[in-house]
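Enquirer: Could you look at this predicted model? Sequence included:
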Amino acid sequence: MPEKPKLALYWAASCGGCEIAVVNLNEKILDLDAAFDFMFCPCLLDTKIKDIEALPDGAIAVTLFNGALRTEENVEMAHLLRRKSQILVAFGSCAKGGCIPALANFTTKDELLNSIFIDSFSVDNSTGIIPSGTTSFPEGDIHLPGMLGRVKHLAQEVEVDYQIPGCPPEPEQIWNAVEAILSGNLPAKGSTIGCGTLTVCDDCNRTKEEKRITAFRRNYEFYPEPELCMLEQGLLCMGIATRNGCGAPCTKANMPCTGCYGAPDGISDQGAKMVAALGSVMDIGDTTGLSEEAIAARVDAFLATIPDYAGQFYKYTLASSTLGGRVRR
Amino acid sequence: MTMQTDSAIFEPKIIGFLCNWCSYAGADKAGGMQVPFPHNVQVIRVMCSGRVDPQFILSALVKGADAVIILACHPGDCHYKEGNCRALQRHSMLTLVLGQLGVEKERCRLDYVSAGEGEKFSRIVTEMVESVRKLGPFRRDLP
């Protein structure tokens, strides 16, 4: 029997949700096992890094790499797995656009470490120790990998063949992508696979009427009407600026889309597109006779109800956004 | 193009999106009236200020602009009825987003210039250049 192609599933700065999404293939995971030699996955298997290092270059057919790049170790593994893999897939929104770990790019590394280890209300660290470098114990040395100045997504460090979006990717879309890889029926290198090309609104079966929003509202304020477009009810539903393919499970569960599939093809910046879209559906009322200052003040008052636009709009894509995070002043 | 050296005075590079119907004509008027104004603004004529996608503004900043100015028709004067109103709403929201990303609000300004306001065009551009000059170059690198 010929040897099965090797499959690896690695996690860098991630939560483990992408591994759960793979396990959620349910019985299809047996088909996955039949098609591949599932040989490396720190979450599920005991293969060591030295085993990967011992492989010849290109020995792994497909690596699904999830997680953003936060530490030097993440970067090292990205390069190692790139070298050992024929197809490297940025799997999930962390590897694709930075996702939740990349929200750290709204601040600096020093501020971040300070608020975690020194300044936090629940931390008692009077000597101001910030864990780093090598620490010696009687049992041996412990080495902590260095932290990058900012969080990167996979393609900012190594060449990525394909990207599968989602936080986490939907299991049926993972299977679609696996089938595409197995059949060799793949689009151009660098494409996003396991998803649609339109927006989540196309998957969402709520009734859409004219969009005229008289006030932005937040999830906790009310129970949304279950049939009507979330955005029309004033919620900042990201569906309008988010790639489809997920099947809109969030709006089906009466929650607005938070944008985890990232921007559709042709859009370079998901947050900017949200600004563009929301700017045209805000209804500040009749402004006839008002001064320019009064109109501007009315817009500002309308906008003041939401405390964190950037955090919401770039929740999954800050590392891959145009500015990439907070710029240096 | 302005040559820049460390010792020379900083000449900011500003991209101006000017609406075809009012502000572009206003800039033209300033030229016709021979009102002096700084040459730092590189004008892009758009059919409507409502056509200015926030992606354009971010792209301008990462591709070398130190600031962006959008000039629109006065409220009520939009050739397409409410394009300038949308531009204002987008601009106000983008200002909040840019603030969270560490970009000063002076680097992205919206104002109104009608076809007859050559003097106002000159004044706004002069103010903009001065405020951006004080801020210094836009730093595109992340910490």
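Expert: Yes, it's here.
Enquirer: Now do the contacts for A:I49.
Expert: A:77, A:80 (CB atoms under 8 Å, 6 or more residues apart in numbering or on different chains). The C-beta positions use only the backbone N, C-alpha and C, and glycine is treated the same way.
Enquirer: give me that answer again for 10 Å
Expert: For A:I49, the contact set (CB atoms under 10 Å, 6 or more residues apart in numbering or on different chains) comprises A:40, A:42, A:73, A:76-77, A:80.
Enquirer: Need the residues you listed in CSV (columns: secondary structure).
Expert: Supplementary listing: the contacts of A:I49 in CSV, determined by DSSP: H, G, I helix; E, B strand; the rest coil:
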residue, secondary structure
A:F40, strand
A:P42, coil
A:E73, helix
A:E76, helix
A:M77, helix
A:L80, helix
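Enquirer: Most neighbours out of those, which is it?
Expert: Highest neighbour count within the contacts of A:I49: A:F40, with 23 neighbours (other CB atoms under 10 Å in any protein chain shown).
Enquirer: Now the residue in the stretch 151-300 of chain A that chain B sits nearest to. Nearest residue, chain neighbours left out?
Expert: Chain B sits closest to A:G279 of the stretch 151-300 of chain A, with a gap of 3.2 Å, by CB to the nearest CB. Once flanking residues are discounted, A:G279 sits nearest to B:R90: 3.2 Å by CB to CB, 6 or more residues apart in numbering or on different chains.
Enquirer: show me where pLDDT drops low in the chain?
Expert: As the question left the chain open, I've gone with chain A. A:1, A:329 (pLDDT under 70).
Enquirer: actually it's chain B I care about, not the one you picked
Expert: B:1-7, B:142-143.
Enquirer: ok, the residue in it that chain A sits nearest to - how many residues close by?
Expert: As assessed by CB to the nearest CB, chain A sits closest to B:R90 within chain B, at 3.2 Å. Per other CB under 10 Å, the neighbour tally for B:R90 reads 27.
Enquirer: so where does residue 127 fall, helix or strand?
Expert: Since you didn't name a chain, this refers to chain A. For A:T127, there is no helix or strand it lies in under DSSP states H and E.
Enquirer: Please refer instead to chain B.
Expert: Counting by DSSP H and E, B:E127 is part of helix B:118-135.
Enquirer: Can you give the distance of that helix from its chain's centre?
Expert: Distance, stretch centre to chain centre, for helix B:118-135: 9 Å (CA atoms, centre = their mean, to the nearest Å).
Enquirer: any idea how far the residue minimising distance to the centre of chain A is from B:D111?
Expert: By CA atoms, centre = their mean, chain A has its centre lying nearest to A:S93, at 2.5 Å. Using CB to CB, to the nearest Å, one gets 38 Å for the distance from A:S93 to B:D111.
Enquirer: just A:G245 next, same as before
Expert: Distance from A:G245 to B:D111, by CB to CB: 42 Å.
Enquirer: So between those two, which is more surrounded?
Expert: A:G245 (26 against 19).
Enquirer: Could you check which helix or strand contains the closest residue to that one other than its chain neighbours?
Expert: Distance criterion CB to CB, 6+ apart; nearest residue to A:G245, sequence neighbours excluded, is A:C195 at 3.4 Å. Using DSSP H and E, A:C195 sits in no helix or strand.
Enquirer: what does A:R150 give?
Expert: strand A:147-152.
Enquirer: Give the other helices and strands that whichever helix or strand comes after that strand contacts.
Expert: Sequence-wise, the next helix or strand downstream of strand A:147-152 (DSSP H and E) is strand A:162-164. In terms of contacts (3 or more CB pairs under 10 Å, 6 or more residues apart in numbering or on different chains; DSSP states H and E), strand A:162-164 is packed against strand A:60-66, strand A:85-91, helix A:93-97, helix A:171-183.
Enquirer: Whether the third one contacts chain B - can you check?
Expert: No. Residues of helix A:93-97 are not located near chain B by CB under 10 Å from any CB of the partner chain, the shortest gap being 15.2 Å.
Enquirer: Show the subsequent helix or strand relative to that helix.
Expert: helix A:109-117.
Enquirer: So that next one, near chain B or not?
Expert: Yes. Against chain B, helix A:109-117 shows contacts by CB under 10 Å from any CB at A:109-111.
Enquirer: Just send the residues you listed back as TSV, with neighbour count too.
Expert: Converted to TSV, those look like this (neighbours: other CB atoms under 10 Å in any protein chain shown):
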residue	neighbour count
A:K109	15
A:D110	11
A:E111	14
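Enquirer: Kindly indicate which of these lies nearest chain B.
Expert: Using CB to the nearest CB, the residues of helix A:109-117 next to chain B come closest to chain B at A:K109, 7.0 Å.
Enquirer: what's the closest one in contact with, if anything?
Expert: A:147-151, B:143.
Enquirer: which stretches of chain B form helices?
Expert: With helices called from DSSP state H, chain B shows them at B:23-32, B:54-62, B:83-100, B:118-135.
Enquirer: need those helices in a markdown table with distance to A:C229, can you?
Expert: Shown next, in a markdown table, are those (distance: least, CB to CB, whole Å):
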| stretch | distance to A:C229 |
| --- | --- |
| helix B:23-32 | 35 |
| helix B:54-62 | 22 |
| helix B:83-100 | 19 |
| helix B:118-135 | 39 |
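Enquirer: Just say which of these is most tucked in.
Expert: For those, the largest average neighbour count (mean count of other CB atoms under 10 Å in any protein chain shown) is found in helix B:83-100, namely a mean of 23.
Enquirer: list the helices and strands that one packs on?
Expert: Checking 3+ CB pairs under 10 Å, 6+ apart, helix B:83-100 ends up next to helix A:270-281, helix A:292-303, helix A:309-313, strand B:14-19, helix B:54-62, strand B:67-72, strand B:108-112.
Enquirer: Mind checking these for the one nearest to A:S321?
Expert: The closest of the helices and strands packed on helix B:83-100 to A:S321 is helix A:270-281. By CB to CB, the value is 6.1 Å.
Enquirer: just to revisit the earlier point, correct me, but the residue nearest to A:G279 touches B:L96?
Expert: No. Between B:R90 and B:L96 there is no contact under CB atoms under 10 Å: 11.0 Å.
Enquirer: For the nearest residue to A:A61 once chain neighbours are set aside, the count of nearby residues, please.
Expert: Leaving aside its chain neighbours, A:A61 sits nearest to A:P5 (3.4 Å; criterion: CB to CB, 6+ apart). By other CB under 10 Å, 17 other residues sit near A:P5.
Enquirer: Would you agree A:P5 is in contact with A:G58?
Expert: No. Assessed by CB under 10 Å, A:P5 is found out of contact with A:G58, at 11.2 Å.
Enquirer: Which neighbours do those two have in common?
Expert: A:86-87.
Enquirer: I appreciate the help and will end here.
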